[in-house]
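Engineer: Just a sequence and a predicted model for now, questions to come.
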Amino acid sequence: MKERVEVMISADAISKRLEEMAEQIYEDFGGEQVELVCVLKGAVMTLTELSKRLKMPVTMSFMDVSSYGNGTESSGKIKILRDLDEDISGKNVLLIEDIIDSGRTLSHLRDLLLKREPKSFKICTLLDKPDRRVADVPVDYVGFTIPDAFVVGYGLDYAQRYRNLNYVGILHFDEA
Ligand SMILES: O=P(O)(O)OC[C@H]1O[C@H](OP(=O)(O)OP(=O)(O)O)[C@H](O)[C@@H]1O
Ligand code: HPA
Ligand SMILES: [Mg+2]
């Protein structure tokens with residue numbers, strides 16, 4: 001099998017959309033300071049590119065969570081590989097994800113983080129794949145709603161590869 005990536009969302013389109021989202025986020029938080037919580041590893045590029053466009057003061061913290069291993073299907077088990085080292089109680093929190101697919105990761109993280117009593121809590125994702133949702137979770141900011149296909153790039157991986165692409169593409173497996 002030969003892997004091939006078909007462009008779905010160009011680097012330019014992502015950049016423009018992040019600009020719009022950053023403006024909306026700034027308005028919604030009324031310019032107040034926000035703690036950006038990045039869900040590693042997939043959200044790392046969205047975090048960096050979105051944060052460069054935010055005009056209010058921000059701080060950043062990181063959680064490492066995994067459920068897909070090296071395949072294209074969720075194992076259904078959310079593993080917290082590294083928890084936050086910041087206390088988020090009383091803070092404005094914006095959780096940043098690359099993709100919401102089954103919704104299991106986010107619904108688990110949302111429950112976990114809300115127990116820590118942030119002042120406010122919002123969720124931002126670059127991509128939303130609603131057709132595959134198993135666990136319902138409210139999302140405040142969606143970059144792009146996409147059809148049911150396995151996508152890579154802009155932080156998203158297949159077997160840990162392709163995260164460095166500056167666009168989002170559909171991964172195809174062609175007969176060699
Ligand atoms: O909605 P879900 O079905 O839960 O899928 C979305 C999650 O899956 C991916 O992470 P993954 O577990 O592959 O870890 P990674 O970010 O390190 O690639 C992605 O980055 C999201 O966190
Ligand atoms: O479509 C996807 N691609 C890469 N990683 C993912 N994790 C959930 N869905 C996806
Ligand atoms: Mg992954």
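Structural biologist: Ah, there it is. Ligands and ions are numbered 1, 2, ... in the order given.
Engineer: just checking, what's the longest helix in this structure?
Structural biologist: helix 11-28 (DSSP state H).
Engineer: which helices and strands does that helix pack with?
Structural biologist: Helix 11-28 sits against helix 44-51, strand 120-128, strand 141-145, with contacts defined as 3 or more Cβ pairs under 8 Å, 6 or more residues apart in numbering; DSSP states H and E. (C-beta placed from N, C-alpha, C; glycine too.)
Engineer: how big is the angle separating that helix from strand 141-145?
Structural biologist: Counting by axes from the mean of the first three to the mean of the last three Cα atoms, to 10 degrees, helix 11-28 lies at 160 degrees to strand 141-145.
Engineer: So what angle separates the directions of helix 11-28 and strand 120-128?
Structural biologist: With the same axes, to 10 degrees applied, the angle from helix 11-28 to strand 120-128 works out at 160 degrees.
Engineer: what's next to helix 11-28, contact-wise?
Structural biologist: If you take Cβ atoms under 8 Å, 6 or more residues apart in numbering as the criterion, helix 11-28 is touched by 34, 46, 49-50, 53-56, 94, 122, 124, 126, 140-141, 143-144, 154, 166-168.
Engineer: Can you say which of these are buried?
Structural biologist: The neighbour-count test (16 or more other Cβ atoms under 10 Å) applied to these identifies 34, 46, 49-50, 54, 94, 122, 124, 126, 141, 143-144, 154, 167-168 as buried.
Engineer: Now for the residues you listed: which two are most distant?
Structural biologist: Of all pairs drawn from the buried ones among the contacts of helix 11-28, the greatest distance, 27.0 Å, lies between 34 and 167 (Cβ to Cβ).
Engineer: Mind listing residues that contact stretch 112-120?
Structural biologist: Against stretch 112-120 from outside (Cβ under 8 Å, 6+ apart): 29, 35, 37, 80, 87-93, 95, 121.
Engineer: Which pLDDT value goes with the spatially most central residue of the chain?
Structural biologist: What sits nearest the mean C-alpha location of the chain, by Cα atoms, centre = their mean, is residue 97, with 1.4 Å. Residue 97 carries a pLDDT value of 98.
Engineer: ok, so what distance separates it from residue 36?
Structural biologist: According to Cβ to Cβ, to the nearest Å, residue 97 and residue 36 sit 11 Å apart.
Engineer: picking that back up, list the buried residues for the longest helix of the chain?
Structural biologist: In helix 11-28, counting by 16+ other Cβ under 10 Å, buried: 14, 17, 18, 21, 22, 25, 26, 28.
Engineer: go on, stretch 111-121?
Structural biologist: By neighbour count on 16+ other Cβ under 10 Å, the buried set for stretch 111-121 is 113, 118, 121.
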